[in-house]
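J.: can't give you the sequence, but here's the structure:
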């Protein structure tokens, strides 16, 4: 797995590359688009947080706890425990920069405000 070093998440002393978690989540049939970021955490240093766009936009309900739990269980079967997102946020669309890349800095601010 190759990713940008500055995007690497260090949680509990373990390295997590967002791309690895994203590749796992995107395989789930309910997910159309996903990105993963690290947010500061008092206990672990950083924790893994996913922002998900569902394939059916009508299913995008903020706080859909049952689907979030299902996605975490899906990840637990495929990834090491420390790589599983601690939070999954459902969004209608991911913010993009002017060149069309996902704006992770904007998502970082959103995650910190939640």
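T.: Looks like it arrived, so ask away. This one's a predicted model, so the numbers in the text were calculated from it and none came from an experiment.

J.: contact partners for residue 64?
T.: Taking Cβ atoms under 8 Å, 6 or more residues apart in numbering, we find residue 64 in contact with residue 90. (Each C-beta comes from the backbone N, C-alpha and C, glycine too.)

J.: pLDDT of stretch 51-58, averaged?
T.: Averaged across stretch 51-58, pLDDT comes to 83.

J.: pull the distance from that stretch to the chain's centre.
T.: 13 Å (Cα atoms, centre = their mean, to the nearest Å).

J.: buried ones in it, by neighbour count?
T.: 51, 52, 53, 54 (16 or more other Cβ atoms under 10 Å).

J.: check stretch 79-90 too.
T.: Across stretch 79-90, burial judged by 16+ other Cβ under 10 Å covers 79, 82, 83, 84, 85, 88, 89, 90.

J.: ok, and what's touching it?
T.: Counting by Cβ under 8 Å, 6+ apart, 11-12, 14, 16, 20-21, 24-25, 36, 41, 47-54, 60-62, 64, 67-68, 71-72, 75-76, 110-111, 114 sit against stretch 79-90.
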